[in-house]
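S.K.: Sequence below, structure please.
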Amino acid sequence: MEQPDTLVLVTRRGMGHADESLQEHVFGVWLKLTLENGTLPGAIAFYTDGVRLACEGSPVLEELEALEARGVHLILCKTCLDAFGITDTARVGVIGGMGDIIAAQTKAAKVITL
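M.R.: Here you go, the predicted model:
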């Protein structure tokens, strides 16, 4: 059941408040189950530390690529990428600004923060 009017906000290196590797692992499980169940959001916005998950070396790149291939719009905060000096390592999604994130929030009927 696709959920095109749902926006997911990713603001950390994964899910929850724990060791970074556990956060990433739990997020990876969430992504895999989302793909398997077909409960695809319309968009996922990555900002602050969350942008790192869409960059080279991320343990969840394969899942993010699969989501993008299935039509999920991935938005990466340019300000955040620039602040961390990792803009050139982005591997999935569209590099945008806060205006793009606000537009996705406005369009969404449901916003989920992980």
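
S.K.: Going by C-alpha atoms from here, please, whenever you check contacts or count neighbours.
M.R.: Noted.

S.K.: what packs against the top helix by length along the chain?
M.R.: With secondary structure taken from DSSP state H, the chain has its longest helix at helix 20-37. Secondary-structure packing of helix 20-37 (3 or more C-alpha pairs under 8 Å, 6 or more residues apart in numbering; DSSP states H and E): helix 61-69.

S.K.: partners of the helix or strand that comes right after the longest helix of the chain in the sheet?
M.R.: Next along the chain after helix 20-37, taking DSSP states H and E as the criterion, comes strand 41-46. Strand 41-46 pairs in its sheet with strand 3-10 (parallel), strand 73-77 (parallel), by DSSP bridges.

S.K.: mind saving the C-alpha coords of strand 41-46 as CSV?
M.R.: Taking Å, rounded to 0.1, in the frame of the first residue of the first chain, the C-alpha atoms of strand 41-46 are listed here in CSV:
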residue,chain,number,x,y,z
PRO,A,41,6.1,7.2,1.4
GLY,A,42,5.9,9.8,-1.3
ALA,A,43,9.1,11.5,-0.1
ILE,A,44,11.8,11.2,2.5
ALA,A,45,13.6,14.4,3.5
PHE,A,46,17.1,14.2,5.0
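
S.K.: Please work out which residues outside it touch it.
M.R.: The contact list for strand 41-46 (C-alpha atoms under 8 Å, 6 or more residues apart in numbering) reads 2-11, 54, 71-77, 101, 104.

S.K.: Helix 20-37 and that strand, what's the angle between them?
M.R.: Strand 41-46 and helix 20-37 meet at an angle of 160 degrees, taking axes from the mean of the first three to the mean of the last three C-alpha atoms, to 10 degrees as the criterion.

S.K.: Sort out which residues of strand 41-46 are buried, please.
M.R.: For strand 41-46, burial by neighbour count (16 or more other C-alpha atoms under 10 Å) applies to 41, 42, 43, 44, 45, 46.

S.K.: Likewise for stretch 80-93?
M.R.: Buried-residue list, stretch 80-93, by 16+ other C-alpha under 10 Å: 80, 81, 87, 90, 91, 92, 93.

S.K.: Equivalent analysis for stretch 16-35, please.
M.R.: Neighbour count says stretch 16-35 has 23, 24, 25, 27, 28, 30, 31, 32, 34, 35 buried, by 16+ other C-alpha under 10 Å.
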